[in-house]
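>>> Here is the input, now give the coordinates:
(chains A, B, C and D)
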2 protein chains.
Amino acid sequence: MTFRRPDRDPSRPVYVISVAASILSVHPRTLRIYEEEGLVCPARTPTNIRLYSENDVRRIMWIRHLTQNLGVNLAGVRVLFELEERLGTRILERLYTEANGDADAEPVPAANSSARS
Amino acid sequence: MTFRRPDRDPSRPVYVISVAASILSVHPRTLRIYEEEGLVCPARTPTNIRLYSENDVRRIMWIRHLTQNLGVNLAGVRVLFELEERLGTRILERLYTEANGDADAEPVPAANSSARS
DNA sequence: CACTCTTGACAATGGTGCTGTCAGGTTTCT
DNA sequence: AGAAACCTGACAGCACCATTGTCAAGAGTG
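Below is the predicted model:
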């Protein structure tokens, strides 16, 4: 069983790129592109290896939802994320409740969810 | 001379498609596509001819800005407009002040600016 | 040592945005 | 009436984008 340890917080970098890609059913190349586009910012080990946190994964799930389900391109995702951050509001939740009748949706974690200041 | 008559309001349908297209420096075909996509909804004469209002033109200017300057595709524009309408706030103004240092930007008129309920 | 990671480049595929045209028909203006 | 501009629907071309995929040369990990 997985115990709810206090150190299992969603901002902790845990997944190497291959694991994150398999979780998200996405090619690792795609994840690197998202990072080049500034849409995600996974942590790095001292030896420069990407480590995705749970928040990173969830943020990428939002990217996938926006691109695959709503047809928004990466520039549109960038604008939406920037707007959300600028307004400090969970504006994107409205979109989820629009697509399906789901009442509560996961909020979008920040780009640098693992490097919380 | 054109006096500032009270009936010269920006929601009044005035421009036929060729005029609107030349104002916006856009092919008429493009305007029809925007309408097919549900991004603009110009009024029609009783004989089915499109008439764009000043608000329609300004809304299309927003579409052009989002697509040409920010690289957002039409699906992204739809999401942004829908978000703006759903929140009832001028969220897109934030974007304009981001692109250039302009302080005040024109608000985005509603899709059916000429058919105000 | 074998495996996975790094960056950088290159390419194929399918899709999109925009412009443009053609056809057949209707409306408008002179 | 006749010319010009509108309507819809279709088709096409061009350039760009998203995603997947590969290859190479190097570095990290167990």
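>>> can you pull the buried residues of stretch A:28-46?
A:28, A:31, A:34-35, A:39-43 (16 or more other CB atoms under 10 Å in any protein chain shown). Where C-beta positions appear, they are placed from N, C-alpha and C, glycine not excepted.
>>> what residues does it touch?
The contact list for stretch A:28-46 (CB atoms under 8 Å, 6 or more residues apart in numbering or on different chains) reads A:13, A:17-18, A:20-21, A:24, A:50-53, A:56, A:59-60, A:63, A:74, A:77-78, A:81, A:111-112, A:114-115.
>>> which of those are buried?
If we count by 16+ other CB under 10 Å, the contacts of stretch A:28-46 have these buried: A:13, A:17, A:20-21, A:24, A:50-53, A:56, A:59-60, A:63, A:74, A:77-78, A:81, A:111-112, A:114.
>>> just the contacts of stretch A:28-46 that are near DNA strand C?
When contact is defined as CB under 7 Å from any atom of the strand, those meet DNA strand C at A:17-18, A:50.
>>> So which of those sit within strands?
residue A:50 (DSSP state E).
>>> Turn the ones next to DNA strand C among the contacts of stretch A:28-46 into a markdown table, including distance to residue B:9 and pLDDT.
A markdown table is the format used below for those (distance: CB to CB, whole Å; pLDDT from 0 to 100):
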| residue | distance to residue B:9 | pLDDT |
| --- | --- | --- |
| A:17 | 56 | 97 |
| A:18 | 60 | 96 |
| A:50 | 55 | 97 |
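>>> How far away from the center of its chain is stretch A:11-19?
12 Å (CA atoms, centre = their mean, to the nearest Å).
>>> Report whether that stretch contacts DNA strand D.
No: residues of stretch A:11-19 contacting DNA strand D under CB under 7 Å from any atom of the strand: none, with a closest distance of 9.2 Å.
>>> Now do the end-to-end distance for that stretch.
16 Å (CA to CA, to the nearest Å).
>>> So which residues make contact with it?
A:23, A:28, A:31-32, A:42-43, A:49-57, A:109, A:113-114, A:116.
>>> ok, the ones next to DNA strand C among the contacts of stretch A:28-46 vs residue B:93, which is closest?
Residue B:93 lies nearest to residue A:50 out of these, by CB to CB, at 35.9 Å.
>>> Is the closest one bridged to anything, and to what?
residue A:44 (DSSP bridges).
>>> can you tell me which residues contact it?
A:16-17, A:20, A:31, A:35, A:42-44.
>>> quick revisit: I'd like the buried residues of stretch A:28-46 written out as TSV, with pLDDT added.
Below are the buried residues of stretch A:28-46 laid out as TSV (pLDDT from 0 to 100):
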residue	pLDDT
A:28	97
A:31	98
A:34	97
A:35	97
A:39	97
A:40	97
A:41	97
A:42	98
A:43	97
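>>> What about those, which are in helices?
Among these, DSSP state H puts A:28, A:31, A:34-35 in helices.
>>> Which single one of these is nearest to residue A:92?
Using CB to CB, those come closest to residue A:92 at residue A:34, 16.3 Å.
>>> Quick check: that closest one vs DNA strand C, distance?
Note on residue A:34: its distance to DNA strand C, by CB to the nearest atom of the strand, to the nearest Å, is 12 Å.
>>> hey, where'd the helices end up in chain A?
Using DSSP H, helices in chain A cover A:17-24, A:28-36, A:54-64, A:74-87, A:93-99.
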